[in-house]
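[1] Sharing a model that was predicted from the sequence below.
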Amino acid sequence: GREIRGLTTAASLWATTGIGMAVAAGGTMAPVAVAATALALIVLAWVNRLERRILPESNLPVVEAAACDAEAVGRLLEAWRRNGRQIRTFHAEALPDGFRVRASFEGPAEPALQDALAVDGVRSARLEAEP
């Protein structure tokens, strides 16, 4: 199944549960539910901004590619360099059938994905979903 990661996600789920219970109780709890909803939205917006400042790498787009051999990894890096892609993180893992490459970029990742798909020896490439 899917894995829920992050304190913000867990806290959001608990807050939503509490707000739902307050709404279900109705009566005098309705204003509490409205206030809790407003407070939760404000806090989540603030935490999101804070997270982007503290952990900028966690928000970078990631391209994952499967390369046939080390030469294909080299051609992939050369294509990204030649096309002006700014690589922030890069990791290549040797597998029995080739290499798995993961790279994050400054700016949009779609052009880097298209570069990867055009490289001879790259079997597949995709944008990785956000963690």
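    Noted; the coordinates are in hand. Numbering: from 1, shown residues only.
[2] Going by neighbour count, list what's buried in the longest helix along the chain.
    Longest helix of the chain, by residue count under DSSP state H: helix 29-54. If you call a residue buried by 16 or more other C-beta atoms under 10 Å, then helix 29-54 has these buried ones: 33, 36, 40. For every residue, glycine as well, the C-beta is placed using N, CA and C.
[3] Can you name every helix or strand that it contacts?
    Under the contact criterion of 3 or more C-beta pairs under 8 Å, 6 or more residues apart in numbering; DSSP states H and E, helix 29-54 touches helix 7-25.
[4] Dump the helix it packs on to PDB, keeping only the CA atoms.
    The C-alpha trace of helix 7-25 is given here as PDB (Å, rounded to 0.1, in the frame of the first residue of the first chain):
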ATOM      1  CA  LEU A   7       4.900  14.800  10.400                       C
ATOM      2  CA  THR A   8       2.800  17.400   8.500                       C
ATOM      3  CA  THR A   9       0.800  14.700   6.800                       C
ATOM      4  CA  ALA A  10       0.100  12.900  10.000                       C
ATOM      5  CA  ALA A  11      -0.800  16.100  11.800                       C
ATOM      6  CA  SER A  12      -3.100  17.100   9.000                       C
ATOM      7  CA  LEU A  13      -4.900  13.700   9.100                       C
ATOM      8  CA  TRP A  14      -5.500  14.100  12.900                       C
ATOM      9  CA  ALA A  15      -6.600  17.700  12.500                       C
ATOM     10  CA  THR A  16      -9.100  16.700   9.800                       C
ATOM     11  CA  THR A  17     -10.400  13.900  12.000                       C
ATOM     12  CA  GLY A  18     -11.000  16.300  14.900                       C
ATOM     13  CA  ILE A  19     -12.700  18.900  12.700                       C
ATOM     14  CA  GLY A  20     -14.900  16.200  11.200                       C
ATOM     15  CA  MET A  21     -15.900  15.100  14.700                       C
ATOM     16  CA  ALA A  22     -16.700  18.700  15.700                       C
ATOM     17  CA  VAL A  23     -18.900  19.100  12.600                       C
ATOM     18  CA  ALA A  24     -20.700  15.800  13.300                       C
ATOM     19  CA  ALA A  25     -21.400  16.900  16.900                       C
END
